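In: no sequence on this one, just coordinates:
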Ligand SMILES: Nc1ncnc2c1ncn2[C@@H]1O[C@H](COP(=O)(O)OP(=O)(O)OP(=O)(O)O)[C@@H](O)[C@H]1O
Ligand SMILES: [Mg+2]
């Protein structure tokens with residue numbers, strides 16, 4: 001009968017095709033049990049529950065163990081690495097630390113826009129806030145970190161863009177409106193293609209978006225987070241220890257509860273919370289009448305609880321949604337709409353909160369000789385579905 005150590009050695013033959021290391025080295029072998037009957041149970045930890053290469057591991061582990069003398073059967077089961085274990089894995093892969101110094105040296109403020117819950121308006125707030133900060137004379141970039149449900153290319157009217165690569169082999173972000181620099185996974189994949197990838201790949205993609213994109217000098221880099229408190233937020237927290245968190249919630253108590261969880265996560269990964277934006281804060285009908293569709297006061301309650309300012313209450317208005325669909329943020333299209341005004345207040349509040357954090361640096365020389373790059377960009381190894 002083989003010993004646990006012998007089985008562990010045999011499992012070094014099972015390679016994670018994405019990370020190109022064996023599962024023992026990656027510490028993905030959770031447990032090995034050898035029964036007197038010769039049956040061996042192996043539990044493998046995956047980075048995500050829906051890991052697409054699960055069956056690869058299943059077969060690989062079964063074959064490796066079956067080949068050992070005395071083994072009569074193999075049961076392979078799976079669990080998922082904890083956030084802490086994922087963090088360790090990323091560090092092990094050399095991707096754990098913050099960005100190399102200088103990568104975002106000319107970016108003064110990074111603001112992550114998030115909420116625990118989906119559909120509360122993170123992306124709409126991000127796009128409009130970008131326009132509002134630009135209107136205040138700020139240089140703004142938008143990083144769409146929602147790799148599964150990216151929406152910034154559409155909301156900022158850059159649907160068909162393909163980023164270019166400059167002479168320094170850095171990716172030039174397409175520009176929207178009055179010079180808002182935008183980067184999104186949506187620029188790199190065919191429309192509506194599904195993005196299926198796991199934590200470490202996600203980490204790498206985000207790292208490339210931060211490191212290999214020529215953001216230039218920015219006052220604000222706004223990061224549109226996906227719903228939830230998962231991998232992306234963890235990754236960004238590791239990469240961007242100085243980022244701040246802008247929490248979007250609706251006035252509803254349930255949304256607020258979820259938002260609080262996401263605030264707790266932000267605090268855990270040491271992202272400072274800049275403030276709260278209450279979105280869908282009543283519906284303003286075209287005649288100006290306001291209806292509190294989702295109740296009242298949730299944003300203020302959350303802000304008070306967290307000890308941070310409520311930076312704005314953005315009502316639901318039809319034009320906000322229409323303009324998002326049309327590709328021009330409402331703030332740019334109709335700055336006097338009540339929702340646009342509210343976002344402009346958020347921008348002013350944010351500016352007041354974020355005095356210039358770093359000395360203004362010389363902007364880099366304009367890149368010359370741009371080439372349009374194919375969907376799979378040169379110099380980038382973004383994992384595609
Ligand atoms: N204040 C508003 N007035 C009108 N429509 C809004 C408002 N805020 C958001 N919407 C609409 O609600 C929908 C969801 O908004 P959005 O995509 O910004 O949310 P999200 O939090 O980014 O969602 P996800 O969690 O899926 O990323 C969109 O159709 C958007 O146009
Ligand atoms: Mg979104």
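Out: Cool, got the structure. Note that the structure is a prediction, hence the values are computed from the model and not measured. Ligands and ions are numbered 1, 2, ... in the order given.
In: Around ligand 1, pick out the residues from the stretch 51-200 of the chain.
Out: Taking CB under 6 Å from any ligand atom as the contact definition, the stretch 51-200 of the chain meets ligand 1 at 118, 119, 120, 121, 122, 123, 124, 146, 149, 151. Using the backbone N, CA and C atoms, a C-beta is placed for each residue, glycine as well.
In: Quick check: the first one vs residue 152, distance?
Out: As for residue 118, its distance to residue 152 is 16 Å (criterion: CB to CB, to the nearest Å).
In: which of these two has more neighbours?
Out: Per other CB atoms under 10 Å, whichever of residue 118 and residue 152 has more neighbours is residue 152, with 26 against 12.
In: Let's see the pLDDT reported for the more buried one.
Out: Reading off the confidence values, residue 152 has pLDDT 95.
In: Quick one: residues contacting it.
Out: Neighbouring residues of residue 152 by CB atoms under 8 Å, 6 or more residues apart in numbering: 123, 126, 127, 142, 144, 158, 182, 184, 186, 224.
In: one more time with 6 Å
Out: 142, 144, 182, 184, 224 (CB atoms under 6 Å, 6 or more residues apart in numbering).
In: Any residue of the strand or helix carrying the first one touching ligand 2?
Out: Per DSSP states H and E: residue 142 is located in strand 140-144. No - looking at strand 140-144 against ligand 2 by CB under 5 Å from the ion, there are no contacts, and the closest approach is 8.3 Å.
In: Would you mark the buried spots in that strand?
Out: Residues of strand 140-144 classed as buried by neighbour count (16 or more other CB atoms under 10 Å): 140, 141, 142, 143, 144.
In: Widest-spaced pair of the contacts of residue 152?
Out: Within the contacts of residue 152, 182 and 224 form the most distant pair, 9.9 Å apart (CB to CB).
In: Can you report how many residues lie near the closest residue to ligand 2 within the chain?
Out: Closest residue of the chain to ligand 2, CB to the ion: residue 123 (3.2 Å). A total of 25 residues lie near residue 123 under the criterion other CB under 10 Å.
In: confidence score at it?
Out: Residue 123 is given a pLDDT of 96.
In: now residue 292
Out: For residue 292, pLDDT reads 88.
In: Which residue, other than its chain neighbours, is closest to it?
Out: With sequence-adjacent residues excluded and distances taken as CB to CB, 6 or more residues apart in numbering, residue 292 is closest to residue 282, at 4.8 Å.
In: separation between the spatially most central residue of the chain and residue 337?
Out: By CA atoms, centre = their mean, the chain has its centre lying nearest to residue 145, at 3.4 Å. Separation of residue 145 from residue 337 (CB to CB): 27 Å.
In: ok, now residue 15?
Out: 55 Å.
In: before we move on, what about residue 130?
Out: Residue 130 is 16 Å from residue 337, by CB to CB.
In: So between the two, which is more surrounded?
Out: The neighbour comparison of residue 130 against residue 337 (other CB under 10 Å) goes to residue 130, with 33 against 19.
In: which stretches of the chain have low pLDDT?
Out: Applying pLDDT under 70 to the chain flags residues 50-51, 91, 94-102, 191-200, 229-230, 255, 269, 355-385.
In: domains for it, by residue range?
Out: Each domain of the chain is listed here as a residue range: 4-93, 107-353, per automatic domain parsing.
In: can you tell me the helix or strand for the residue of the chain closest to ligand 2?
Out: helix 122-135.
In: in that helix, what's buried?
Out: Buried-residue list, helix 122-135, by 16+ other CB under 10 Å: 122-135.
In: what packs against it?
Out: strand 107-114, strand 140-144, strand 218-224, helix 330-333, helix 338-353 (3 or more CB pairs under 6 Å, 6 or more residues apart in numbering; DSSP states H and E).
In: Of the ones you listed, which stretch is the most buried?
Out: strand 140-144 (a mean of 27; mean count of other CB atoms under 10 Å).
In: Give me the sheet partners of that one and which way each runs.
Out: The pairing partners recorded for strand 140-144 under DSSP bridges are strand 180-184 (parallel), strand 218-224 (parallel).
In: chain center to stretch 1-20: distance?
Out: Its chain's C-alpha centre and that of stretch 1-20 lie 33 Å apart, by CA atoms, centre = their mean, to the nearest Å.
In: quick one: terminal-to-terminal distance for that stretch?
Out: 30 Å (CA to CA, to the nearest Å).
In: before we move on, what about stretch 144-154?
Out: 11 Å.
In: now swap in stretch 27-36 and tell me
Out: 26 Å.
In: Any buried residues in that stretch, and which?
Out: Buried-residue list, stretch 27-36, by 16+ other CB under 10 Å: 28, 29, 30, 32, 34.
In: residues in contact with the fourth one?
Out: So the one you mean is residue 32. 4, 7, 42.
In: what's the helix or strand for the last one?
Out: With secondary structure defined by DSSP H and E, residue 42 is part of strand 39-46.
In: The helix or strand that comes right after that strand versus strand 39-46: what angle between them?
Out: Per DSSP H and E, the first helix or strand lying C-terminal to strand 39-46 is helix 54-66. Per axes from the mean of the first three to the mean of the last three CA atoms, to 10 degrees, the angle that helix 54-66 makes with strand 39-46 is 150 degrees.
In: List the buried residues in helix 54-66.
Out: Quick answer for helix 54-66 (16+ other CB under 10 Å): 57, 58, 60, 61, 62, 64, 65.
In: I'd like to know which of those residues is nearest to residue 251.
Out: Closest to residue 251, out of all of the buried residues of helix 54-66 and judged by CB to CB, is residue 57, at 45.3 Å.
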